[in-house]
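Trainee: Can you look at this prediction? I've put the sequence above it.
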Amino acid sequence: MANVEHLAQLRQGVNQWKQWRTEYPQITPDLSEADLSKADLTGIDLSHTNLWGAHLAGTKLVAADLTGAILSRAYLSLAELKDAVLNQAELSNATLTWANLLDADLNDVNLLGADLRGARMQGAGLCGANLIGAEIRGINLREANLDNADLQRMDLSEAMLIAANLNRTNLNRANLYRAEASRSHGYRVNLHKASLLEANFTGAYLVESDLSEAILAEASFTWANLSRVNLTGADLGGVNLRELH
């Protein structure tokens, strides 16, 4: 449960909260299980705050600092997190359905088992993020930065990955059925045994990537750069490899 004093400080507004944190920098705020639904917390400093199990549905957290915050099992459905900083935050088993995470900083975040269905994550930074076991059907990752992110065995069917950064991303055994990944950049991406059935990688950069034993049937790689790609044992039935670089 939330610390009563800490919650009282927050309820006095963002400015009072900022002053209180400045005066007592040694305190680690405890807002666990607090009900902050639909509150306007734009620009607030919640770095390293304990928000375990907090209710943040529809909460406005635009440009908020949540660096290192504990948000495990927090409910953030429809939350506004545009431009928020969640670097190294703990979001395991959190609910982020239909949340707005446009251009948010989620580098090195733990999203293990999180529910991200319908989340808007265009332009989000997810370098080194752990998304194992996350529910991401319908997620929009257009122009997102997934450099070195762990998405192994994930269901990314029909995912929007246009112009996404997939450098060194682990997509081992992932399902990318009908994924839209045109113009994505995937240097040394791991797609071993991944399913790219009917996926669109037109104009993608996949130099030195591992596509061994991957299912590429009916996928499109028109104008893609597949230099030094490992295609050992891959299923190439009906794949479009025209105009390769």
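Mentor: Ah, there it is.
Trainee: Tell me the helices and strands packed up against the longest helix along the chain.
Mentor: Longest helix in the chain, counting residues (DSSP state H): helix 14-23. On a contact count with 3 or more CB pairs under 8 Å, 6 or more residues apart in numbering; DSSP states H and E, helix 14-23 meets helix 4-11. Glycine gets a C-beta too; all of them are placed from N, C-alpha and C.
Trainee: What is the burial count for Thr232?
Mentor: 11 (other CB atoms under 10 Å).
Trainee: A helix includes it, no?
Mentor: No: counting by DSSP: H, G, I helix; E, B strand; the rest coil, Thr232 is not found in a helix; it is coil.
Trainee: nearest spatial neighbour of it, skipping sequence neighbours?
Mentor: Ser212 (4.4 Å; CB to CB, 6 or more residues apart in numbering).
Trainee: residue contacts, the one you found?
Mentor: If you count contacts by CB atoms under 8 Å, 6 or more residues apart in numbering, Ser212 has them with His192, Lys193, Asn230, Leu231, Thr232, Gly233, Ala234.
Trainee: what does Leu197 give?
Mentor: Leu197 sits in contact with Leu176, Tyr177, Arg178, Ile215, Leu216, Ala217, Glu218, Ala219, where contact means CB under 8 Å, 6+ apart.
Trainee: again, only this time at 7 Å
Mentor: Counting by CB atoms under 7 Å, 6 or more residues apart in numbering, Leu197 touches Tyr177, Ile215, Ala217, Glu218, Ala219.
Trainee: Please pick the buried ones from the contacts of Ser212.
Mentor: The neighbour-count test (16 or more other CB atoms under 10 Å) applied to the contacts of Ser212 identifies His192, Lys193, Asn230, Leu231, Ala234 as buried.
Trainee: Torsion angles phi and psi at Asp105?
Mentor: phi -100, psi 100 (degrees, to the nearest 10).
Trainee: ok, the spatially most central residue of the chain to Ile44 distance?
Mentor: Residue closest to the mean C-alpha point of the chain, counted by CA atoms, centre = their mean, is Leu126 at 5.4 Å. According to CB to CB, to the nearest Å, Leu126 stands 22 Å off from Ile44.
Trainee: same question, Thr97
Mentor: 22 Å.
Trainee: same check, this time on Leu36
Mentor: Taking CB to CB, one finds Leu36 at 10 Å from Ile44.
Trainee: ok, which stretches of the chain are strands?
Mentor: In the chain, no strands are found when defined by DSSP state E.
Trainee: which regions of it sit below the pLDDT cut-off?
Mentor: The chain contains residues with pLDDT under 70 at 241-245.
Trainee: one step back: make a markdown table from the buried ones among the contacts of Ser212 and add distance to Ala8 to it.
Mentor: Listed next are these as a markdown table, based on distance: CB to CB, whole Å:
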| residue | distance to Ala8 |
| --- | --- |
| His192 | 53 |
| Lys193 | 53 |
| Asn230 | 59 |
| Leu231 | 61 |
| Ala234 | 60 |
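Trainee: Who are the contact partners of Asn165?
Mentor: Contacts of Asn165 (CB under 7 Å, 6+ apart): Asn145, Leu146, Asp147, His185.
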